[in-house]
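1. fold the following and give me the result.
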Amino acid sequence: MKRLLLFLPLLLLFFTQTAQAHLGPPYVKINGVLTLGNPATSGSVLFKIANALSAEPVVVNQNATFTIQVDQAPFKIGEGQGCETCVPAGNLFWEFGDGGTAQGVSGTHKYSKTGSYIAKLRAHDPTTSDPIDLETIQINIIPTKDYTTPKAVVKVNGTTVTDPFNQPLSVDKNSTTYFDAGSSTGNIKSYSWDFADGSKLETGKKVSHKFDFSQPYAYSYFPILRVEDKNGIYSDAVVQVSSDQNAPKTPAKSSTNSSESKASGFNPAILGILTGLALLGAGVAAFLIFKKRK
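-> Numbers count the residues shown, from 1 in each chain. Now for the predicted structure:
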């Protein structure tokens, strides 16, 4: 029964995070600057996408210090009497995405190569040998201080997307949809597309795709564009493509503030229920995972 209670809330939290962007405010700082919620976190199965983004890039071979902002973290850090549900600082550790690691509330690392890396904040689970992922952050390592990182921009049927979660683009469910990444900036070498409907990866600056809206609840898809430059630094952009013919009368809106899902479409109407269950379950999970053994 303990195992069931442990994994049920984690699964609810997992599926909720695949349906929207960053769940809750970011709580990790890099070199003193708070990270940002990643709007592209929408359930890609073809890209690895972090929950949060570094607000500023870091120059190669210079220090990148990761620190938890304790007052914003969704868990308490500590141990001893009266803190049975806290996470001991010694149980926290960082994986920086290039093989480097550190332990504790903060960790400092130097990246020796340029590129985009996904760093992880994890916690040891005293009841199992499997660590728990608490946060993932994309950090861009640039060659020089004045280097300009790429930025992905998507046009759908000629319309530039600026607020994908609150302003979905309506398309005819029987028509082909046209995507254009030509407004993206930076020294881009590749354009890759995940249409989030189980189809294969597509490449190219301009592509087209026909979505399957035949399922009762498949009225929204969240395709993702990834552009990458010659230094291995990438940028993601998500859009929401919807069919008015399948949409409910009052569809709910997804939050813009963050894992993988292979569903053929997401029904936002269930988001509020899942979020509430996930947050409630996360408290139960924290108690079961981090309480001390007497």
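
2. so for Leu45, what's the pLDDT?
-> Actually, residue 45 is Val. It isn't Leu. We have a pLDDT of 86 for Val45.

3. again, but for the one 10 residues further on
-> Here the pLDDT value assigned to Ala55 is 97.

4. pretty sure it sits in a helix.
-> No - going by DSSP: H, G, I helix; E, B strand; the rest coil, the assignment for Ala55 is coil, not a helix.

5. quick check: closest non-adjacent residue to it.
-> Val33 (4.7 Å; CB to CB, 6 or more residues apart in numbering). Bear in mind the C-beta positions are built from the backbone N, C-alpha and C, glycine included.

6. give the contact list for the one you found.
-> The contact partners of Val33, by CB atoms under 8 Å, 6 or more residues apart in numbering, come to Ser54, Ala55, Glu56.

7. need the pLDDT of the nearest residue to Ile68 once chain neighbours are set aside.
-> Spatial nearest neighbour of Ile68, chain neighbours left out: Val105 (5.1 Å); criterion: CB to CB, 6+ apart. Here, the pLDDT recorded for Val105 equals 96.

8. please state the offset of the helix or strand hosting Glu135 from the chain centre?
-> Per DSSP states H and E, Glu135 falls inside strand 132-142. Chain-centre distance of strand 132-142: 9 Å, with CA atoms, centre = their mean, to the nearest Å.

9. equivalent analysis for stretch 230-239, please.
-> The answer for stretch 230-239 is 14 Å, by CA atoms, centre = their mean.

10. rewinding a little: and the residue nearest to Ala55, backbone torsions?
-> Main-chain dihedrals, Val33, degrees, to the nearest 10: phi -110, psi 130.

11. quick one: mean pLDDT over the strand holding Glu135.
-> The average pLDDT for strand 132-142 rounds to 96.

12. and the following helix or strand past that strand, which strands flank it?
-> Using DSSP H and E, the next helix or strand after strand 132-142 towards the C-terminus is strand 155-156. When pairs are called by DSSP bridges, strand 155-156 turns out to pair with strand 159-160 (antiparallel), strand 177-180 (antiparallel).

13. Ile68 is nearest to which of the ones you listed?
-> strand 159-160 (36.2 Å; CB to CB).

14. what's in contact with that closest one?
-> The contact list for strand 159-160 (CB under 8 Å, 6+ apart) reads Val153, Val154, Leu169, Ser183.

15. which of these count as buried?
-> Neighbour-count burial (16 or more other CB atoms under 10 Å) is assigned, among the contacts of strand 159-160, to Val153, Val154, Leu169.
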